[in-house]
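Enquirer: With the sequence up front, the predicted model follows.
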Amino acid sequence: MNLAVENRRVLSGMRPTGKLHLGHYHGVLKNWLKLQHEYDCAFFVADWHALTTEYENTGIIKESVWEMVIDWLAAGINPGSAKLFIQSQVPEHAELHLLLSMITPLGWLERVPTYKDQQLKLKEKDLATYGFLGYPLLQSADILIYRATGVPVGEDQVVHVELTREVARRFNHLYGREAGFEEKAEAAVKKMGKKGAKLYATLRKAYQEQGDHEALAKAQALLGEQQNITLGDRERLLGYLEGGGKIILPEPQALLTPASKMPGLDGQKMSKSYGNTITLREVPEEVERKLRTMPTDTQRVRRTDPGDPDLCPVWQLHQVYSSDEVKGWAREGCTTAAIGCLDCKGPVIDAVQAELAPIRERAEEFTAQPQLVRNILSEGGERAREVARETLSEVRQAMGLSYS
Ligand code: TRP
Ligand code: SF4
């Protein structure tokens, strides 16, 4: 393992929402499979996050936790390389969430777009709760307690990683300074002259309080122009701009998961809410039935009518599963009516069956050994807690909360 790998910690979570399907496999799990060989990875079940929307019906969560983890394991996530755990079994996440809540302005949470979006989307639920507003901050605590450097997430979650960076920056600014640093920095500011000092202070404030990156760049340029300050002072003031001093909670990077190209049975994105999924443990007969009955180009009414693959959801599945050769055969056969739609679906059905067979088999093995799954999660939880406790103890100390 090289240094870069050891230094890079990757963390991601998934809310327990039931059995996973091919959309999750192609969109998220295949990415995790790759990352687990490249980085120090931890993947966890975000059961507290699920509670923010399912607080009236918590039974769903418990069931889904086991099913979801079995799906992870069946897909090839290896508990020997990646730590797997359940969020609520690492209560340190909750303490950090509480401590971070003290320094997080309400406006930062209210302006996270998922807050209003989800309230509108899940109208039947009352999401005007304290917990739901804090959803992204809980996610920040998940990430920061682990001092993750990379967070694989989909497009919609990038704003949550952005918030995490702002919270970390604010934390480090408030609690990460070393003795005497601020005095020295303030003395250096004075050396810039009245006008320069005032401009520096304004820009610094705009960056630290509003995350204004333009202000940061301007302040850095301003320091570059100064004639009256020493090199040491310049470095001090550069650090002071961004918080300076010690970094207790490093800022993570979002590792954007490439958008899943997995189409559902109707050509829309595969999603439980569209009812167009094939689950990872679908029995072969069901896989066959679902694919045989899936719609094709609606213009192709009779076998003798030529079709247009570009108007057909089956063609999209060929993009995921078929070689160029098979795709050539399908397009040619479709547009000339040389093959029927069932012929065309044949290679796709075979490919999906081949993909799912080993997953289904491993899922059966894990289902038959619930104790093994429990052990994997509690062991992963213990390993995660070690890291979490260490971070938390530094956080408490920095905030003046260590009484021993
Ligand atoms: N909010 C994420 C989602 O809905 C799940 C999640 C919770 C998460 N905590 C996390 C993802 C920390 C990455 C890191 O998908
Ligand atoms: Fe779709 Fe294939 Fe039928 Fe053409 S032959 S309409 S691509 S299923």
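Expert: Arrived safely. Ligands and ions are numbered 1, 2, ... in the order given.
Enquirer: And the pLDDT at the residue in the stretch 201-350 of the chain positioned nearest to ligand 1?
Expert: Relative to ligand 1, the nearest point of the stretch 201-350 of the chain is Pro252 (8.7 Å; CB to the nearest ligand atom). To be clear about C-beta, it is placed using only N, CA and C from the backbone, and glycine gets the same treatment. pLDDT recorded at Pro252 is 95.
Enquirer: Would you mind measuring from it to ligand 2?
Expert: For Pro252, the distance to ligand 2 equals 43 Å [CB to the nearest ligand atom, to the nearest Å].
Enquirer: Let me see the contact set for that residue.
Expert: Contacts for Pro252 (CB atoms under 8 Å, 6 or more residues apart in numbering) come out as Ile143, Leu144, Ala148, Thr149, Gly150, Val151, Val161, Thr164, Arg165, Ala168.
Enquirer: Buried residues, stretch 48-62. List them.
Expert: Trp48, His49, Ala50, Leu51, Thr52, Thr53, Glu54, Ile61 (16 or more other CB atoms under 10 Å).
Enquirer: Would you confirm that the second one contacts Ser88?
Expert: If I follow you right, that is His49. No. In this structure His49 lies outside contact range of Ser88 using CB atoms under 8 Å: 10.1 Å.
Enquirer: and whichever residue of the chain sits closest to ligand 1, how many neighbours does it have?
Expert: Closest contact between the chain and ligand 1, by CB to the nearest ligand atom, is at Gly13 (3.3 Å). Gly13: 22 surrounding residues under other CB atoms under 10 Å.
Enquirer: how close does the closest residue to it other than its chain neighbours get to Glu92?
Expert: In this structure, Gly13 finds its nearest non-sequential neighbour in Ala46, 4.0 Å apart by CB to CB, 6 or more residues apart in numbering. In this view, Ala46 and Glu92 are 15 Å apart by CB to CB, to the nearest Å.
Enquirer: Spell out whether stretch 95-103 and ligand 1 are in contact.
Expert: No. For stretch 95-103 and ligand 1, the contact criterion (CB under 6 Å from any ligand atom) is not met; the two come no nearer than 10.8 Å.
Enquirer: pLDDT below threshold where in the stretch 151-300 of the chain?
Expert: Along the stretch 151-300 of the chain, segments meeting pLDDT under 70 span 178-179, 231-232, 235, 243-246.
Enquirer: any idea where the helices of it begin and end?
Expert: 158-175, 181-190, 193-210, 213-225, 231-241, 284-292 (DSSP state H, counting those that start in this stretch).
Enquirer: which parts of the last one are buried?
Expert: If you call a residue buried by 16+ other CB under 10 Å, then helix 284-292 has these buried ones: Val287, Lys290, Leu291.
Enquirer: do the fifth one as well
Expert: The neighbour-count criterion (16+ other CB under 10 Å) identifies Asp233, Arg236, Leu237, Tyr240, Leu241 as the buried residues of helix 231-241.
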